[in-house]
Structures are given as structure tokens and as C-alpha cells.
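Asks: Okay, predicted coordinates and the sequence, questions at the end:
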Amino acid sequence: NAIGFGTLTSGGPRYATYDGAGSGSATAAHNLTISTNASSGFSITYSGSTLTSGGNTISVATITNDTNGTPGTEQFAISASSTAAVRATSGYDYSFEVNPDWNFVAGTTTEFASSSNSTSTQFIDMYYLANIAGSTEAGSYQTTINYIATGNF
């Protein structure tokens, strides 16, 4: 999926959207559909780098219990929301009942969700948050994130 934040601003958070325009309000950018016959369910990991424009980067972030992080500072993170059968790994839970947790670990394969359910299709909505500082270098920032589903037999 190709998604985008639109124009980033230090005046408020930006959330990636499926159409690339971005939004000032949290919205799911896309969803993952997982189905397995693995006897012990599955694990979902990601790998990738932070948002980069040439030699400039936006810092990765760990944001706890907060909808929009800290606008005015550089932050890039992801969050996931799903059915009760899928458990978001600590730091990645986007829950509508409480403020979400956001996280991103660049350069290493990191688990962010799992399920012990082996019989039904599961869905995970993915959220992406970016904040920038007034001093963030102008540019076209991008990244590639790979998602990997592994059956647990």
C-alpha cells in the first residue's frame, strides 16, 4: 500500500491516509488481513526505517497514552487496532476506549501484534503519526515498511 501524510506542519499532528493527502485527525491508513491454519495462531512483525528526505530524518518515537504525541517536536510512530482475538504488542495498541500507544523501532524486525486464534480471518487497522519541529528541514520525507506474518505451529 502507498499511503501519505500530505504536508507536515509543526502546528499539529499529521496522520497518514490511504489517499496520500494525510489528515489532522487520526484515521486508519490501511488494514492488514491475516488468515492462518497454524495451530497456535500468528505473529506480525515490521521492519523499516524512519521518515527520511535525503540525509535528513524525523526521529522515531515511543508515545504512551496520547492521541497525537507532541506537536512541534519530531516524531514518527505507528499504532494498530484490531479485534479482541489479536493482541497488540505493548507500545502499539490503538484503542478507542483509551488514548493510543505509538511506537516505531527503525532498522530491526519488531513484533507489534499476535494472535493465538488459528481458525478465523483477523483484521488489523494501521495508524501512522508524524510530528515535526519548526526547525525540521524541508523535503519530501518517505520510508518503506515491510510487514511479515509468521504462522505459529
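Replies: Cool, the structure landed.
Asks: In this protein, which residue is most central in space?
Replies: Geometric centre of the chain, nearest residue: I78, 2.1 Å, by C-alpha atoms, centre = their mean.
Asks: Now do the helix or strand that contains it: everything it contacts.
Replies: Following DSSP states H and E, one finds I78 within strand 75-82. Residues from elsewhere that reach strand 75-82 (C-beta atoms under 8 Å, 6 or more residues apart in numbering): 28, 46, 50-51, 58-63, 69, 88, 92-96, 100-104, 112-113, 122-131, 143, 145. C-beta: built from backbone N, CA, C; applies to glycine.
Asks: just to revisit the earlier point, beta partners of the residue nearest to the centre of the chain?
Replies: For I78, the beta-bridge partners are N103, Y128 (DSSP bridges).
Asks: about what we covered before: quick check: next helix or strand after the strand holding I78?
Replies: The helix or strand immediately downstream of strand 75-82 is strand 86-88, counting by DSSP H and E.
Asks: who's in contact with that next one?
Replies: Residues outside strand 86-88 that contact it (C-beta under 8 Å, 6+ apart): 34, 79-82, 94, 101, 112-115, 117, 122, 124.
Asks: again, only using 7 Å
Replies: 80, 82, 112-115, 122, 124 (C-beta atoms under 7 Å, 6 or more residues apart in numbering).
Asks: That one pairs with which strands?
Replies: When DSSP bridges is applied, strand 86-88 pairs with strand 110-115 (antiparallel).
Asks: could you check the angle strand 75-82 makes with the partner strand?
Replies: Using axes from the mean of the first three to the mean of the last three C-alpha atoms, to 10 degrees, the inter-axis angle of strand 110-115 relative to strand 75-82 is 10 degrees.
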